[in-house]
Each structure stands twice: as structure tokens, then as C-alpha cells.
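A.B. asks: how would this look folded up:
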Amino acid sequence: MAQNFEKQKRSFFDRLLDSIEKVGNKLPDPIVLFFILCGITLLVSLIASLINISAVHPVTKETVEVINLLNGEGIVNMLTNMVTNFSSYPPLGMVLVMMIGVGLAEQSGFFSTLLKRAVVSTPKKVLIPSIILIAIVANAAGDAGPVVLPPLAATVLMAFGYHPLVGLVMAYASTLGAFAANLIIGMSDTLVAGFTGPAAQTVDPDYVANPAMNYYFIVASTFILLPVALWVTHKFTIPRFGTYTGEIEKMEAITPEESRGLKWAGISALLFVGVILALLLPENGILRNQETGSMIDNSPFINGIVPILTIFFFIPGLFYGFGAKTIQTSKDFGDMLGKSLSTMGPYIVLVFAAAQLLSFFNASNLGPIIAIKGAEFLQDIGLTGVPLIILFILFVACVNLLIGSASAKWAILAPIFVPMFMYLGYDPAFTQAIYRIGDSITNPITPMLPYLVLLLSFAKRFDPKIGLGTLISALFPYTVFFGIFWIILIVIWYLIGIPVGPEGPILLK
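C.D. replies: Below is the predicted model:
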């Protein structure tokens, strides 16, 4: 069935994806790309300063001129500020702290066992929607979602009479295609906010980004995308793959140790949540804003959300390890923390390059000038409001086909588009929400994510002849319909004017 479908559909779209894959594979690694962009920025600052490029700041009415970073003063500033640029870059501390909690929960086995328990204990009647919901929420668990859940879903659905590729495709598309939807705040919220804040501060030095500022929107997105994924699965995925005739694999049962670990993790998590609520709900709670009594507006709860989330993941991960005996000595504990943070090496180098790039943009005035000129161009052609939102989402979705890393893309785009949208009157939280839609919808079909190759290896266990074209074609309907309904949601959200999250209005105050 899959092979016949591949032959039938090997047309324009498949050839287009092949071309995108070839072009994307020729791009340098994101880290190298950033260093190249740093070099280009330095060179452009020299050329632009020689031809006297400038712009008028729409707020202060002052003339902003390009500053040459390759003169004597510029070179000295680069050398003396390089370490400070890196060490003071906001995303670095936030993500590394968050990774302590998330990493322990992943390394101890808590995330993978939790996903397994959630899937295997689900009744058949609600099996598919439950897997989709778990997949959407699982993106908060980092790699555990797209790595652990697809083969698990394949095995479960196979046991209930479905083709295993249905489970693989559905879980993968739901985890990555709905990457900006969730019921809880996760690592990605912290990461993107860390890039949004510094970009916004080039226009408003007092602007503070918080990881929860898209929370209302990501929760609503979860309940919109769940039925969309369910419809796509029944309309396209299940009919496409038909009946499975191969050998049915059995799922490994959860061991008594794993069950004990989950029990201990659950109790510890509930106790922690209870403590947080006790500090937050009373009118005089210490996690409230002591002047206004607000739980959201400039409160310790929101300002301390990263450490709170870190502890929220850390405690159940630790107690799971004790209960499941994956942590038996202090060495086990230290090794897990070290291993989780060791995976952040490429990210740390990426942040180093991104910090220098942002610093070069700010020092040269190229960022503000591009933003001002871009905003003026959009105003001149009348492209604001709904057309601007849709165009930006589609632009990011196309960029995502070539640069899979969300942090790499937003580190490049935020210094340009966040100020640009601010000059047009939009709050950075709203710009970030729009970006995250575009960054998510093409995730299932981009060859730039390493998970796609892993998914193909999983698929070959059930169909040795399956190709990447067949797999991407099966994932494509999720990209299309996620994109359509997510755009409809954000347009309605914009027209009504609802904040996208705590301290996340649509328009600048």
C-alpha cells in the first residue's frame, strides 16, 4: 500500500521536497552559519557606513547611522566585550538552569516511562485522541517526545489492529507539528523568550520577556490542533496505510521498579505543586506581587518561573530514579546531570555566536535600521494586520525547511522582526507567538531535523522498502491543516485582541 502510494504521489511535491532537502543539506551547520553571519555583519557595517546609510527613529525622531565595526575603535570594542556579550546573554543561564531539571527527568527514565504508562493504560475508544494529546504535551519533555513516543505509539496501535506506521506518523507529526502548543510551560518557552527579550530591548531597554507570555495561546492551540490531528489521521493516514500484514510486536511491560518510580515521582510532584499553590493562592502569598497582589503582573511567581519549572521537573525525576533504582549512588546522580548538560555543548557554542551577532547588530545600528526601514516599507505598501501575520507565518515556515533549529532561527530573526513589529505597534509576545506557529507547522516534513531520519529507521522495521518520500508525504497533511487552522486561530485572536499570555498583549501599551 505504502509503496504504491509512493509511486502515485512521486510528482511535483515530492520533487520539490527532494530539492529542499538537497539545498538544506548544503547549508553549513547552524553554528558555522552564525559565525558566517557575524563576518557578513562586520563587512556590511563597513560598506554601509561608507555610503552613509541611515534611518529616522520613529519614536525619538533621531537619525540612526551605521557605525563601522572594522575601524580601530570597533575592533577594540569587539575584543574587550566578547566575553561579556557571551556571559551576560539571557538565554544561556535560563536554558542551562532549566536543563538541570529536564535533563535529570530524562536521564533517570522518568519521561520515557511516564509516556509508556500514559499510552498503554488508555482505553481503545479514546486511544488515538489520547496519543495525540500526549504527543502534543510531550514536546515539553525535549527529545523524549519525538524519540520515544512514535515507536511506542506504533506498537500500541499495532496491537489494536492499526497499521504501525499510522502510530509512527501520527505521534511524530503531533509532537513536532504542534511544537508551540501545550498545556504546560516547557523548555521551548524559556528558549524563545530568552531571544525575544534582548531583541525587544534594542527598542525598549526596560522590556522584560517571561517564558509564560504565550501561555494562553499555547493552551488554546492544544485544543484546536488535537481535533485537527484526529481528523487528519482518520481522513488520510489510516486509509493510506491500510491493513498491516507483518509480524506484530509486543510492547515491553512496565516493570515493578518503574511502577514504583512513577508512584514516588507522582507523589513528590503533587507535594511540590501543593507548596507552590500554598505560596501563591493566599492574598498575602510570597509568590504574589507584594504591592499589587497580582499573581501574574511582575510577581515572583512569573519572574521565578524558570527555577520553579526546573524544580518541578527535577524533583519527580530524582524520586523516580530512587524508586526505579536508576539512581542508586551519588555517582549515578552526578553522571545523569553531567550527561544531560553535556548535550548542551552545541547550544552553548551557538549562544556564543548569537551573542556576538546581536552585539554586532546593536553596536553597528544595522538591526535598528533594518527594522525601521522594514517597518516603513510595510507601512508604505499597507501590509499590516492580518496580511502581515499570515505572510510572516509562511515566511518562517519556509525558513524552517532549511534551518531546523528553533533557537538558531529565532536568534537570527528576532533581532530584526521583533523591533520591526514593535515599530508597527505589536508587542514582542505577540510577534513571538506568530513566529512559533511558522516554526512548528513544517517541523514534521523538514529534513533538517535529525528526528526524521530516526523516524525513517523506525518505519523500516515495519516496511523495509519505505522511502523518505513516502514518509514525508504521509506527514504533509498534518503540516497543511495545522497551518490552516493555526492561522485561523491567531487571526481570530488578533481581531478580538486577547492577550497571548501573562504580560503578553497583542499591541504595545
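A.B. asks: and the strands in the chain?
C.D. replies: Along the chain, the segments classed as strands by DSSP state E run 54-56, 63-65.
A.B. asks: now mean pLDDT too, for these, in a markdown table please.
C.D. replies: Compiled in a markdown table, the strands of the chain are given as follows (pLDDT from 0 to 100):
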| stretch | mean pLDDT |
| --- | --- |
| strand 54-56 | 81 |
| strand 63-65 | 83 |
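A.B. asks: so who does the spatially closest residue to Thr243 that is not a sequence neighbour touch?
C.D. replies: Counting by CB to CB, 6 or more residues apart in numbering, His163 is the residue found nearest to Thr243 once chain neighbours are left out, at 6.7 Å. From N, CA and C alone the C-beta is placed, and that goes for glycine too. Taking CB atoms under 8 Å, 6 or more residues apart in numbering, we find His163 in contact with Leu157, Ile238, Phe241, Gly242, Thr243, Tyr244, Phe462.
A.B. asks: what's the farthest-apart pair in those?
C.D. replies: Ile238 and Phe462 (14.8 Å; CB to CB).
A.B. asks: quick revisit: out of the strands of the chain, nearest to Leu309?
C.D. replies: Smallest distance to Leu309 across the strands of the chain (CB to CB): 38.0 Å, for strand 63-65.
A.B. asks: parallel or antiparallel, list what pairs with that closest one.
C.D. replies: Strand 63-65 has its sheet partners listed here by DSSP bridges as strand 54-56 (antiparallel).
A.B. asks: and the partner strand, what's buried?
C.D. replies: Ala55 (16 or more other CB atoms under 10 Å).
A.B. asks: next one: it to chain centre, how far?
C.D. replies: Relative to the chain's own centre, strand 54-56 is displaced by 34 Å; criterion: CA atoms, centre = their mean, to the nearest Å.
A.B. asks: before we move on, what about stretch 376-388?
C.D. replies: Distance of stretch 376-388 from its chain centroid, counting by CA atoms, centre = their mean, is 27 Å.
A.B. asks: return it as PDB; C-alpha atoms alone will do.
C.D. replies: Below are the C-alpha coordinates for stretch 376-388, written out as PDB (Å, rounded to 0.1, in the frame of the first residue of the first chain):
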ATOM      1  CA  GLU A 376       8.400  51.800   6.800                       C
ATOM      2  CA  PHE A 377       8.200  49.600   3.800                       C
ATOM      3  CA  LEU A 378       5.400  47.500   5.300                       C
ATOM      4  CA  GLN A 379       3.500  50.700   6.100                       C
ATOM      5  CA  ASP A 380       4.100  52.100   2.700                       C
ATOM      6  CA  ILE A 381       2.600  49.100   1.000                       C
ATOM      7  CA  GLY A 382      -0.100  48.900   3.600                       C
ATOM      8  CA  LEU A 383       0.900  45.400   4.700                       C
ATOM      9  CA  THR A 384      -0.200  45.300   8.400                       C
ATOM     10  CA  GLY A 385      -2.700  43.400  10.400                       C
ATOM     11  CA  VAL A 386      -3.900  40.000   9.100                       C
ATOM     12  CA  PRO A 387      -1.900  40.000   5.800                       C
ATOM     13  CA  LEU A 388       1.300  40.700   7.700                       C
END
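A.B. asks: related to what we said a few turns ago, may I see the strands of the chain arranged in CSV, with distance to Leu277 as well?
C.D. replies: Supplementary listing: these in CSV, determined by distance: least, CB to CB, whole Å:
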stretch, distance to Leu277
strand 54-56, 49
strand 63-65, 48
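A.B. asks: which of these sits closest to Asn284?
C.D. replies: Judging these by CB to CB, what sits closest to Asn284 is strand 63-65, at 47.0 Å.
A.B. asks: which positions within the closest one qualify as buried?
C.D. replies: Val64.
A.B. asks: identify the residues contacting it?
C.D. replies: Ser49, Asn52, Ile53, Ser54, Ala55, Val56, His57, Asn365, Pro368, Ile369, Ile372.
A.B. asks: how close does the most centrally placed residue in the chain sit to Gln356?
C.D. replies: Nearest to the mean C-alpha position of the chain, by CA atoms, centre = their mean, lies Ser188 at 4.2 Å. Remark: distance between Ser188 and Gln356 (CB to CB, to the nearest Å) = 23 Å.
A.B. asks: swap in Ala200?
C.D. replies: 19 Å.
A.B. asks: pick out whichever of those two has more residues nearby.
C.D. replies: Ala200 (26 against 22; other CB atoms under 10 Å).
A.B. asks: return the residues in contact with Trp231.
C.D. replies: Each residue near Trp231 by CB under 8 Å, 6+ apart is listed here: Phe481.
A.B. asks: and it, what's its pLDDT?
C.D. replies: At Trp231, the model reports a pLDDT of 95.
A.B. asks: what's the distance between it and Phe481?
C.D. replies: Trp231 is 7 Å from Phe481, by CB to CB.
A.B. asks: so which elements touch the longest helix along the chain?
C.D. replies: Longest helix in the chain, counting residues (DSSP state H): helix 468-496. Helices and strands touching helix 468-496, as assessed by 3 or more CB pairs under 8 Å, 6 or more residues apart in numbering; DSSP states H and E, comprise helix 2-9, helix 12-26, helix 164-177, helix 215-232, helix 385-400, helix 428-441, helix 450-462.
A.B. asks: state the mean pLDDT of stretch 457-472.
C.D. replies: Average pLDDT, stretch 457-472: 78.
A.B. asks: what is the end-to-end distance of stretch 337-356?
C.D. replies: 28 Å (CA to CA, to the nearest Å).
A.B. asks: distance from the chain centre to that stretch, please.
C.D. replies: Counting by CA atoms, centre = their mean, stretch 337-356 comes out at 16 Å from the chain centroid.
A.B. asks: who's in contact with it?
C.D. replies: Residues from elsewhere that reach stretch 337-356 (CB under 8 Å, 6+ apart): 30-31, 34-35, 37-38, 78, 82, 85-86, 88-89, 91-92, 95-96, 99-100, 102-104, 106-107, 195, 405, 407-408, 411.
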